[in-house]
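Q: Give me the fold of what follows.
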Amino acid sequence: MPAATKDAVLASAADLARAAAVEEAGAPDLVGEHLGLVVESERVISHRFGTTSPAHRGWEWTVTVTRVPRGRTPTVSEVHLLPGAGAVLAPEWVPWSERLRPGDVGPGDVLPRLADDDRLEQGYEAVGDADADELALFELGLGRPRVLSRTGRSEAADRWYAGSHGPTAPQAIAASAPCSTCGFLLLMAGSLRTEFGVCANEWSPDDGKVVSMDHGCGAHSETDVPPGPSDWPDAPSEFDPLELVDLSQVRARAVVDERGADAADGDVPAADVPADDVPADDVPADDVPADDVPADDVPADAPAEEAPADDAPVDEPADDQPADDAPADDAPIDAPVPGEE
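A: The predicted structure is shown next:
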């Protein structure tokens, strides 16, 4: 098809086109200068004028004129305000099915039914067998007109796992234990039960929501808060923090306490000085207990058994001293035995 030629009669009809634009705009000052013309087809030309309206910056008045064959008088065909190269335009129209996003449906909103939805497939149809129908319709829940297809289950699983209730959520990364070990997890039915459950903990931010098994939060049933430092000082202890004890001295004191012996009036108690450290000649006579009768006050015919060996002074050898060095039953070295003078 040959290109349309420029019509001289229509090209010279700029004043006619401007008058039509002014009439449409409502005021002469809203139509700007002539910007040029466009040959639309044979005997059809559009004249372009700028607009001075501040609400339509970048837009243009377009007036299309034409004439009949062999006619010499141009006629206005159309008048439009069209966007130019720098005009601000609205976004391209998108169908609602592609424009809708999760959370857009509010109370009272209803979505139209999609007859061909890849996420759904035909539900179970009764076959007349009572047992089979009861299993499919009631126990498995397949009595609905349509149920989730494999595609629908797969999309739901991917969406849940990658969302805010999956293992990559910030609270799941900070959790010390997964939901699979929590007592508040309700297991789901069907093929998704191995990967997802429903949280039933009212203190959890996921309460009533589907969570993955490896999700987690701080409201786990088996975790606890680690003990933190206290602002109060520690209570004083009944015992010294550290005390070194000589066990040999402890045993020596125990022997003295059991026998009820009192310490002598000497400078050093007899229980504190081991027997083998004191020479026999240095033991004063005053250290002999009162119940040990001196030899001068005892009659010559008094039997030797009247001076029991158990009444020996306190300076008996400790348990750790060998028995053959200082026998416990022998009397002190400087105490004479009655009857031997």
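Q: drop to CA atoms for contacts and neighbour counts, all remaining ones
A: Noted.
Q: Go through the strand or helix carrying Asp133 and flag the buried ones.
A: Using DSSP states H and E, Asp133 sits in helix 130-134. Going by neighbour count (16 or more other CA atoms under 10 Å), the buried part of helix 130-134 is Asp133.
Q: Show me how far that helix is from its chain's centre.
A: 46 Å (CA atoms, centre = their mean, to the nearest Å).
Q: Please save the CA atoms from it in PDB.
A: The C-alpha coordinates for helix 130-134 follow below in PDB (Å, rounded to 0.1, in the frame of the first residue of the first chain):
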ATOM      1  CA  ALA A 130     -20.800 -47.200  52.000                       C
ATOM      2  CA  ASP A 131     -17.400 -48.000  53.500                       C
ATOM      3  CA  ALA A 132     -15.400 -46.400  50.700                       C
ATOM      4  CA  ASP A 133     -17.600 -43.300  50.600                       C
ATOM      5  CA  GLU A 134     -17.500 -42.800  54.400                       C
END
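Q: From the contact counts, what lies against that helix?
A: Here helix 130-134 touches no other helix or strand, going by 3 or more CA pairs under 8 Å, 6 or more residues apart in numbering; DSSP states H and E.
Q: Looking at stretch 89-103 now, give me its mean pLDDT.
A: The pLDDT scores in stretch 89-103 average 86.
Q: i'd like the first residue to be 14 from this point on
A: Okay, using 14 as the starting number, the last item reads as stretch 102-116.
Q: Now find how far off-centre it is within its chain.
A: Centre-to-centre, stretch 102-116 and its host chain are 36 Å apart (CA atoms, centre = their mean).
Q: Only alpha carbons, please: show that stretch as CSV.
A: Below are the C-alpha coordinates for stretch 102-116, written out as CSV (Å, rounded to 0.1, in the frame of the first residue of the first chain):
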residue,chain,number,x,y,z
LEU,A,102,0.9,8.7,32.7
ALA,A,103,-0.9,6.2,34.9
PRO,A,104,0.7,2.8,35.3
GLU,A,105,-0.2,0.2,32.7
TRP,A,106,-3.5,-1.5,33.5
VAL,A,107,-3.1,-5.0,35.0
PRO,A,108,-5.9,-7.5,35.3
TRP,A,109,-7.2,-7.9,38.8
SER,A,110,-6.2,-11.6,38.9
GLU,A,111,-2.6,-10.5,38.4
ARG,A,112,-2.9,-7.3,40.5
LEU,A,113,-4.3,-9.0,43.6
ARG,A,114,-1.9,-9.6,46.5
PRO,A,115,-2.1,-11.6,49.8
GLY,A,116,-3.9,-9.5,52.4
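Q: Now do the helices in this structure.
A: Under the criterion DSSP state H, helices of the chain are mapped to 21-24, 27-38, 109-112, 143-147, 163-175, 183-187, 260-272.
Q: and the ones you listed, which one is worst for confidence?
A: The weakest mean pLDDT among the helices of the chain belongs to helix 143-147, with a mean of 72.
Q: Can you tell me the closest non-neighbouring residue to Leu23?
A: With sequence-adjacent residues excluded and distances taken as CA to CA, 6 or more residues apart in numbering, Leu23 is closest to Pro87, at 6.0 Å.
Q: does that neighbour really touch Thr77, like I thought?
A: No - Pro87 lies out of contact with Thr77 (CA atoms under 8 Å); the separation is 10.1 Å.
Q: before we move on, the earlier item: please work out how many residues are found near the residue nearest to Leu23.
A: By other CA atoms under 10 Å, the residues close to Pro87 number 19.
Q: Quick check, pLDDT for it.
A: 93.
Q: So what's the residue count around Leu95?
A: Leu95 has 13 neighbours, counted by other CA under 10 Å.
Q: contacting residues for it?
A: Contacts for Leu95 (CA atoms under 8 Å, 6 or more residues apart in numbering) come out as 72-75.
Q: how near is Cys230 to Glu208?
A: Distance check for Cys230 against Glu208: by CA to CA, to the nearest Å, it reads 17 Å.
Q: between these two, which one's more packed in?
A: Taking neighbours as other CA under 10 Å, Cys230 and Glu208 compare with Cys230 leading, 20 against 15.
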